[in-house]
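Colleague: return a 3D structure for these sequence lines:
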Amino acid sequence: MNPFSQVICHLQPVKIKATKIWLHRAEGPSDLCVEKTFQGDDCWKQADVQLDTWAQTAPKSGGYDKTDFKVKFADGEDYCGRFDLQHPDVPNRESSLADHIAHFILFCAGHYRPPGMSEEKYEKLMKTDRFKHDIDDFIEFWNTYEIPSPYTARRTKRYLDKH
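Modeller: Residues are numbered from 1 along each chain as shown. Next comes the predicted model:
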């Protein structure tokens with residue numbers, strides 16, 4: 001382990017936390033296609049509990065139900081997207097909103113390659129106009145806002161151990 005890891009961690013600026021998360025299940029049983037809002041320090045956990053509840057009625061076939069989300073951060077910044085809600089029996093599903101966001105941001109920033117994508121295909125994609133101009137924006141977002149993902153903690157530890 002790098003002896004400076006703890007020092008580096010302490011020098012990192014405090015990231016801006018989420019204050020509210022809004023979810024809208026857009027597909028699935030009509031009585032479950034509703035909006036839910038979660039606020040406070042545990043809004044991420046509350047949102048994941050709701051997603052886990054809704055996942056019980058998502059397709060077991062490997063498909064998904066679209067779920068829109070908006071994360072509001074303490075400085076007023078909004079991060080919006082779509083979460084593909086999958087049944088718990090579906091292998092390799094994303095069950096955490098924070099993991100979903102972390103994977104997407106790190107992918108767009110050029111720091112995460114999905115397991116099923118070759119290194120060559122990933123590098124080629126990162127050089128396209130869609131990504132090469134936005135990489136700095138995604139890195140800035142990642143460095144500014146707190147995304148409390150277990151994946152985030154593992155990735156940060158691996159990075160610090162290597163450098």
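Colleague: switch to C-alpha atoms for all contacts and neighbour counts from now on
Modeller: Noted.
Colleague: which non-adjacent residue is nearest the residue most central in space within the chain?
Modeller: By C-alpha atoms, centre = their mean, the chain has its centre lying nearest to residue 101, at 1.6 Å. Among residues not flanking residue 101 along the chain, residue 147 sits closest, at 7.5 Å (C-alpha to C-alpha, 6 or more residues apart in numbering).
Colleague: what sits against the one you found?
Modeller: 17, 98, 101, 102 (C-alpha atoms under 8 Å, 6 or more residues apart in numbering).
Colleague: show me how the record splits the chain into domains.
Modeller: Taking automatic domain parsing as the reference, the chain has its domains at 16-94, 96-158.
Colleague: does residue 126 touch residue 113 like I think?
Modeller: No - judged on C-alpha atoms under 8 Å, residue 126 makes no contact with residue 113 at a distance of 10.3 Å.
Colleague: one step back: pLDDT score for the residue nearest to residue 101?
Modeller: Per-residue pLDDT puts residue 147 at 93.
Colleague: tell me where the protein has strands.
Modeller: 18-25, 35-39, 65-73, 78-85 (DSSP state E).
Colleague: what stretches of the chain score poorly on pLDDT?
Modeller: For the chain, applying pLDDT under 70 flags the ranges 1-12, 132-133, 150-163.
Colleague: list the contacts for residue 91?
Modeller: Contacts of residue 91 (C-alpha under 8 Å, 6+ apart): none.
Colleague: could you export the strands of the chain as JSON lines, including distance to residue 50 and mean neighbour count?
Modeller: Putting these into JSON lines (distance: least, C-alpha to C-alpha, whole Å; neighbours: other C-alpha atoms under 10 Å) gives the following:
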{"stretch": "strand 18-25", "distance to residue 50": "9", "mean neighbour count": "21"}
{"stretch": "strand 35-39", "distance to residue 50": "8", "mean neighbour count": "15"}
{"stretch": "strand 65-73", "distance to residue 50": "11", "mean neighbour count": "19"}
{"stretch": "strand 78-85", "distance to residue 50": "11", "mean neighbour count": "18"}
